[in-house]
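> predicted model and sequence below, questions to follow.
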Amino acid sequence: MWTGLGLRPNLSKAKDQTRPDLQTLIPIFILHPLFAMSSTTPGFITLLSSITKFNGQNWTTFKKDVEVYFAIDGYWDVIMKTKPMEATAAAIWDKMDWKAYSFLYFLIKSVHQSINIELNSSTAAWKALKAEYEKDSYAACLSLRQQFYNICHDPSQSVSIFIDEVQSISCQLTAISRLPGKDEVEDLILLCLDSSFKAI
């Protein structure tokens, strides 16, 4: 993967010979054009804005969206790994950590930001979110099932919004190995459509 991007990290410095650690890659993230322009370019800002903000009920999909987006810029390693000891790498790490924290903070709806408002580290913020919202799968399943069967179609909005909501909950159930039945999603969509759509 790295050579395909024109990157030739010194693998001898990495603990994992198949995947260089962040300390080895930090100079590459800063200097290589692919990464140097990433998080501040319009395309990446648009991608960030496409992530549905955390609302207290969408943890499963929010977690995956954040993990994938942050991996693009190398921020996920900052969140999940230990800060390097070497001074230059540590300074770069601190800047990336603060930027990751800023992105994460604004991806959370204001009503749920209090859990992170006193923090200033992406690692600490992520741990706090996980501790609060990554409940056991049984409790999460009950909550999602309740949302799934209580969802209503608002005829004043596009039907695609209703379908997206149903599919989003279905994806969250699937992510915790509680996927709906084979025809359950389609049946729910048809049964819960507003009466003005019954002719369809």
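Happy to help now that I have it.
> tell me the domain boundaries of the protein?
Following automatic domain parsing, one gets these domains for the chain: 3-133, 137-197.
> format those domains as TSV; extra columns: mean pLDDT.
Rendered in TSV, the data for these read as follows (pLDDT from 0 to 100):
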stretch	mean pLDDT
domain 3-133	75
domain 137-197	78
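> helices or strands up against the lengthiest helix in the chain?
If each helix of the chain is counted by residues according to DSSP state H, the longest one is helix 87-106. Packed against helix 87-106 by the contact rule (3 or more CB pairs under 8 Å, 6 or more residues apart in numbering; DSSP states H and E) you find helix 22-31, helix 59-73, helix 75-80, helix 122-133. In short, each C-beta sits where N, CA and C put it, glycine included.
> returning to that earlier point: make a markdown table out of the domains of the chain and add mean neighbour count.
Shown next, in a markdown table, are the domains of the chain (neighbours: other CB atoms under 10 Å):
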| stretch | mean neighbour count |
| --- | --- |
| domain 3-133 | 15 |
| domain 137-197 | 14 |
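> about what we covered before: need the helices and strands packed on helix 87-106 in a markdown table with distance to Cys192, can you?
Compiled in a markdown table, the helices and strands packed on helix 87-106 are given as follows (distance: least, CB to CB, whole Å):
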| stretch | distance to Cys192 |
| --- | --- |
| helix 22-31 | 46 |
| helix 59-73 | 20 |
| helix 75-80 | 37 |
| helix 122-133 | 27 |
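> of those, which approaches Thr88 most closely?
Checking these against Thr88 by CB to CB gives helix 22-31 as the closest, at 8.5 Å.
> how far away is the residue sitting nearest the centre point of the chain from Ser114?
In the chain, the C-alpha closest to the average C-alpha coordinate belongs to Val66, at a distance of 1.9 Å (CA atoms, centre = their mean). Counting by CB to CB, to the nearest Å, the separation of Val66 from Ser114 is 19 Å.
> then Tyr69?
Using CB to CB, which is the criterion applied here, Tyr69 is 23 Å from Ser114.
> likewise Leu179?
The value you get for Leu179 to Ser114, if CB to CB is used, is 33 Å.
> and what of Glu86?
On the measure of CB to CB, Glu86 and Ser114 end up 35 Å apart.
> ok, Thr174 next?
Here the criterion is CB to CB. By it, Thr174 lies 30 Å from Ser114.
> isn't Leu173 right up against Gln147?
No. Because the distance of 9.5 Å does not satisfy CB atoms under 8 Å, Leu173 is recorded as not touching Gln147.
> quick check: closest non-adjacent residue to Arg178.
Take Arg178 and drop its neighbours on the chain: the residue closest to it by CB to CB, 6 or more residues apart in numbering is Cys141, 4.4 Å away.
> so what does whichever strand or helix holds that neighbour touch, helix or strand wise?
Using DSSP states H and E, Cys141 sits within helix 137-150. Counting contacts by 3+ CB pairs under 8 Å, 6+ apart, the secondary-structure elements packed against helix 137-150 are helix 159-175.
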